[in-house]
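Enquirer: Following is a predicted model, sequence given first.
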Amino acid sequence: MGKRVLLIEDEPNIIEAIRFILSRDGWVVETHSDGATAVEAVGRKRPDIVILDVMLPNKSGFDILRELRADAEHESRPILMLTARGQKKDRDMAEAAGVSHFMTKPFSNSEMLEMVRRLANGAGEGDG
Amino acid sequence: MLRFNILVLACLSYATLLFVVAFWAEKRAEAGRLGWLRSPMIYTLSLSIYCTAWTFYGAVGYAVRSGLEFVTIYLGPSLMMIGWWWVLRKLVRIGRVQRITSVADLISSRYGKSTTLGVLVTLLAVIGTTPYIALQLQSVALSFAVFGVNDPSGAVLPDLDKTALWVAVGLAVFTALFGTRNLDANERHHGVVTAIALEAVVKFLALVAVGVFVVWGLGDGIGDLMAKIDASPVAQHPIQGTRWIALTMLSAAALLTLPRMFQVLVVENSDESHLFTAGWAFPLYLFGMSLFVIPIAVVGLEVLPQGSNPDMFVLTLPLHSDQRVLATLSFLGGFSSATSMVIVAAIALSTMVSNHIVMPIWLSVQDKGGVTVSGDVRRVVLYARRLSIFGVLVLGYLYFHFSGGSEALASIGMISFTGVAQVLPAMLGGIFWRGATRLGAILGVVMGFVVWAYTMFLPSFGVAAGFTPELLEHGPFGLVLLRPQALFGVTGVDPVVHAVSWSLALNTLVFLLGSLFSFPRPVERLQGAQFVNVFEHSGSTRGWSHGFAEAEDLLVMAQRILGPVEAQALFQSEAAAQGKEGYLPDTTPDFIERLERELAGSVGAATAHAMLGQIAGGVVVSVEDLMAVADETAQIMEYSSQLELKSEELSRTARKLREANEKLTALSIQKDAFLSQISHELRTPMTSIRAFSEILRDSGAAGDLDAASLERFSSIIHDEAQRLTRLLDDLLDLSVLENGQVSLNWARDNLHDVIARAVNASTEGREGRALTIRRNEIAEHIAIETDPDRLAQVFINLIANVRKYCDAPAPELRIETRRLGGDRIQIDFIDNGSGIPKEKQTVIFEKFSRLTDHAKAGGAGLGLAICREIVTNLGGSIAYLPGQGGAAFRIELPRVRQRT
């Protein structure tokens, strides 16, 4: 079974694009689009990597990131943040909150895929 | 030759006439029929007591000794009357308002009712005036003697001393009778004033008659006289500038400070306007009195034997020519001059002595169980004053008796003038300078008095007072700097000029310094304000009607402190509470207490208590005093409220600046947020477009994409590209609308048609959820002048919102239109969904304020912002209408274009 990725994103077309790209590479893609229950979803699904959007309904990606990092279980879970807000302060904030990697939208498909592979491999083997 | 007994008879008849006139005037005054007795002419004539025996007899002697210099004695008061009438007016006003009874009272009252000052000034006045009274007695005695010498019958002559004594007694009786007739010390002495006016006429006529006789009887008319004057030694005296200036100033000051002048000028004044008449009439009188002085002097020197006393020329010239009637008239003129001066001086001095020395002593002796203002006190005042009159005349007589009356008339007059002039700095400072204090006044008066006594008064006694020629030459204890007539090494100055300038200069200096370096007590402040600002405080003197005088007093005071509106409201409400109409409630203790609390809020509890205490329960401080304080307080409060206003203005400006700054900051933050938002809104479709286009590109190369996916991905790219375009359009639209640069295409249209077009546009080519739109098409037929396309755009937006957000199972939109008054129309869009939460209702019109997630909205959240801008540009408004069940928006528009 391929590695699992949890995509937390609310924009349907973007979800569809990422799902297509990762599935073709053998990933199991699960999605979640509500900010409020995102942390809970991560705890439940325990994915190999989380792809996190920032502008989510009800709770911002930054808050979700901070909550995950505050939890020992998700302390070292690879989290790739994708955001349309590409300002430096956003990147700084993400890094301060402990993001694994920060990418701005629009992204290059191959770069994104490469980053997902690298983060997932760098993280705990045998976790799933 | 005139028989001496006839003269005595004439004299007694004249005195009787004076009694009768005084009595008659007093009766008329009592009956309230004063008539011409209160005319400005009587006032002017009463001022003529300035011309005493010194002027009547002495001026001629003065001219013989010093030439034209005697003119200064007339010049000073004339200049004062003409040029400084405003000083007089102020004095008169203060005198009336403050019920001033004498110079001592004025000074004492001004400086906080100071007892010390009252005593000081009284002493100064008595010491300064006593020689002057003696002088009058002497002149009367001398004139009798002149007749006696010439008496052909060889009747036994009473000696000078006895004559003087009898004259003094007679004057004392007259003064006591008419000067203290009224129990109230403040009453004016109409009898005395009328008698004095008569005497003024007599002495004027007498002097003019003698003058005419000298010029045309003894001489040969004016031409002859001029020749005689040129040849006379009288014309040989040089004019000394400093002496002229000093004497003119001195006699000007005397008009204000001589106790008798103050008495007639201020105390007896019944009407301020009389000053205007006196302003020209009195100088004219003085001119008449001085006109014949030189001729009499010149002719006297020529006609009369060597060694004749020039002070008696006025009398001896007619006698020499055996003009009995004229001589008698002249005698009566001199008698009038002397007696009127003594009478008024005695009244003035006795008032001072009784009020400032006798009464305080009596009160302090009686100070057991509290003194009330009742009949017995008044009787004490009366007796004190009568006693004082006798005392003053006894002093005058004793001075005459012991000094032997050998001095030249003029020099005694000068000493007296200089003495009383020491009051001048404190007096003028007191009525023009609020900074003048009691300490300054005391120091000034004492300093002036001491210097005057040392340089002028005591030296006039010569060796008798210890002022030996040796002391005058070398100074006391060999201290050259302290030589009485060359103080501090100033030598070569005329003794009179020396004494006048040193005494007044040091007096003024000490007065100023003392005032500057001491703080006035509250009563002084109060009185200072009252005196200096007398014209502001005494505009009208109403007679209070006793029924409501108190309440009205309180109201007047309260208005000055609380302001008219508040005070009137307070009084009116209290009156209403008491069941009365108007503004004057009964002054019940409750009300006084309430008023006190109100006032305490403005001026502090202590002041409020004191003020009310005075009005409601005491008479120590007059109402006018309190008004002065109240005015002052009001001024201070006004000033501080101006300051408050200023600082309020400042803080308002600061607040505006802060707000502007905050606004700028907020704008800047908003701009950042907006850019960030736009960036996000643009990047989101871009992301999809890029991702799918890369997929298509890569798959195209690999060829591993099925046709369905290919088509789907392509259509996503297309949709997202359209979304981008729409977003850019909206942004541009909004930017144009917000900047007011939009060009509206105003046109007349039917509201129904506009709505119909919008509804059609919204439903056309749409699949998905059905939306029922309910309209009242009949009501929609309203002609409207607007931009129909823009308005339709608003409607389309609103309909689109319902489509997107209405969460009812069967979405339904109600469009209701109605006409309002004022040519306005109202259009409501109400759906049947769950509406917008209250906390979001305020932000929905902001840019990018999407309430739900992007997917559902499919827009950037600019719709309502654009709607608001359009409606505003069309001259209307749009608002969320709460409480309608679902989401509801209300648009209000003018029916016709509003041109601004």
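Expert: Sure, I can see it. Residues are numbered from 1 along each chain as shown, chains lettered A, B, ... in the order given.

Enquirer: Local confidence estimate at residue 111?
Expert: Picking chain A for this. Predicted confidence (pLDDT) for A:E111: 92.

Enquirer: hmm, I had chain B in mind actually
Expert: At B:Y111, pLDDT is 84.

Enquirer: Now do the phi/psi pair for it.
Expert: phi -100, psi 50 (degrees, to the nearest 10).

Enquirer: Number of residues surrounding it?
Expert: The number of residues packed near B:Y111 is 29, by other CB atoms under 10 Å in any protein chain shown. All C-beta atoms are positioned from the backbone trio N, CA, C, and that covers glycine.

Enquirer: In this structure it contacts B:A436, no?
Expert: Yes: if you go by CB atoms under 8 Å, B:Y111 and B:A436 touch, sitting 7.5 Å apart.

Enquirer: which residues are common contacts for those two?
Expert: Jointly contacting B:Y111 and B:A436 under the rule CB atoms under 8 Å, 6 or more residues apart in numbering or on different chains are B:426, B:430.

Enquirer: Okay, the nearest residue in space to B:S336 that is not next to it in sequence and B:G435: tell me how far apart.
Expert: Among residues not flanking B:S336 along the chain, B:E199 sits closest, at 3.6 Å (CB to CB, 6 or more residues apart in numbering or on different chains). Distance, B:E199 to B:G435, using CB to CB, to the nearest Å: 42 Å.

Enquirer: higher neighbour count, the two?
Expert: B:E199 (28 against 13).

Enquirer: Run through the residues that contact the more buried one.
Expert: With CB under 8 Å, 6+ apart, B:E199 has these contacts: B:18, B:336-337, B:339-340.

Enquirer: In contact with the residue nearest the centre of chain A, which residues?
Expert: Residue closest to the average C-alpha location in chain A (CA atoms, centre = their mean): A:I51, at 1.4 Å. Applying CB under 8 Å, 6+ apart, we find A:I51 in contact with A:5-9, A:18, A:79-82, A:116.

Enquirer: Same check on B:P295?
Expert: With CB under 8 Å, 6+ apart, B:P295 has these contacts: B:211, B:214-215, B:219, B:225, B:229.

Enquirer: How about the backbone phi and psi for it?
Expert: Torsion angles, degrees, to the nearest 10, at B:P295: phi -60, psi -50.

Enquirer: measure it to chain A for me?
Expert: Computed as CB to the nearest CB, to the nearest Å, the B:P295 to chain A distance reads 113 Å.

Enquirer: Verify the stated contact: B:V754 with B:V794.
Expert: No: using CB under 8 Å, B:V754 makes no contact with B:V794, being 9.5 Å away.

Enquirer: Looking only at neighbour counts, state which of those two leads.
Expert: B:V794 (27 against 23).

Enquirer: that older thread, so what's the residue nearest to the centre of chain A bridging to?
Expert: Taking DSSP bridges as the rule, A:I51 bridges to A:L7, A:L80.

Enquirer: Can you list the low-confidence ranges for chain A?
Expert: Applying pLDDT under 70 to chain A flags the ranges A:1, A:123-128.

Enquirer: before we move on, the earlier item: kindly reformat the contacts of A:I51 as JSON lines containing distance to B:V167 and neighbour count.
Expert: As requested, the contacts of A:I51 are exported to JSON lines (distance: CB to CB, whole Å; neighbours: other CB atoms under 10 Å in any protein chain shown):
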{"residue": "A:V5", "distance to B:V167": "139", "neighbour count": "26"}
{"residue": "A:L6", "distance to B:V167": "135", "neighbour count": "23"}
{"residue": "A:L7", "distance to B:V167": "135", "neighbour count": "23"}
{"residue": "A:I8", "distance to B:V167": "129", "neighbour count": "29"}
{"residue": "A:E9", "distance to B:V167": "130", "neighbour count": "23"}
{"residue": "A:I18", "distance to B:V167": "136", "neighbour count": "26"}
{"residue": "A:I79", "distance to B:V167": "129", "neighbour count": "28"}
{"residue": "A:L80", "distance to B:V167": "132", "neighbour count": "22"}
{"residue": "A:M81", "distance to B:V167": "126", "neighbour count": "26"}
{"residue": "A:L82", "distance to B:V167": "129", "neighbour count": "24"}
{"residue": "A:V116", "distance to B:V167": "138", "neighbour count": "24"}
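
Enquirer: any chance of those residues in JSON lines, plus distance to B:P318?
Expert: Output for these, formatted as JSON lines (distance: CB to CB, whole Å):
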{"residue": "A:V5", "distance to B:P318": "147"}
{"residue": "A:L6", "distance to B:P318": "144"}
{"residue": "A:L7", "distance to B:P318": "143"}
{"residue": "A:I8", "distance to B:P318": "138"}
{"residue": "A:E9", "distance to B:P318": "138"}
{"residue": "A:I18", "distance to B:P318": "144"}
{"residue": "A:I79", "distance to B:P318": "138"}
{"residue": "A:L80", "distance to B:P318": "140"}
{"residue": "A:M81", "distance to B:P318": "134"}
{"residue": "A:L82", "distance to B:P318": "137"}
{"residue": "A:V116", "distance to B:P318": "146"}
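
Enquirer: List phi and psi for A:F107.
Expert: Per degrees, to the nearest 10, the backbone of A:F107 is at phi -120, psi 160.

Enquirer: pretty sure it is touching B:I689, no?
Expert: No: counting by CB under 8 Å, A:F107 does not reach B:I689; the two are 11.9 Å apart.

Enquirer: Okay, B:L177 and B:F517: tell me how far apart.
Expert: 48 Å.

Enquirer: actually B:L727, not the one I typed
Expert: 83 Å.

Enquirer: So which of these two has more stuff around it?
Expert: Legend: neighbour count by other CB under 10 Å for B:L727 and B:F517, higher for B:L727 (18 against 10).

Enquirer: Name the SS class of the more buried one, please.
Expert: helix (DSSP: H, G, I helix; E, B strand; the rest coil).

Enquirer: got it, and the one 4 residues further on?
Expert: When the structure is split into helix, strand and coil by three-state DSSP, B:L731 lands in helix.

Enquirer: Report the separation between it and chain A.
Expert: Between B:L731 and chain A the distance is 16 Å, computed by CB to the nearest CB.

Enquirer: pLDDT value on that residue, please?
Expert: 83.
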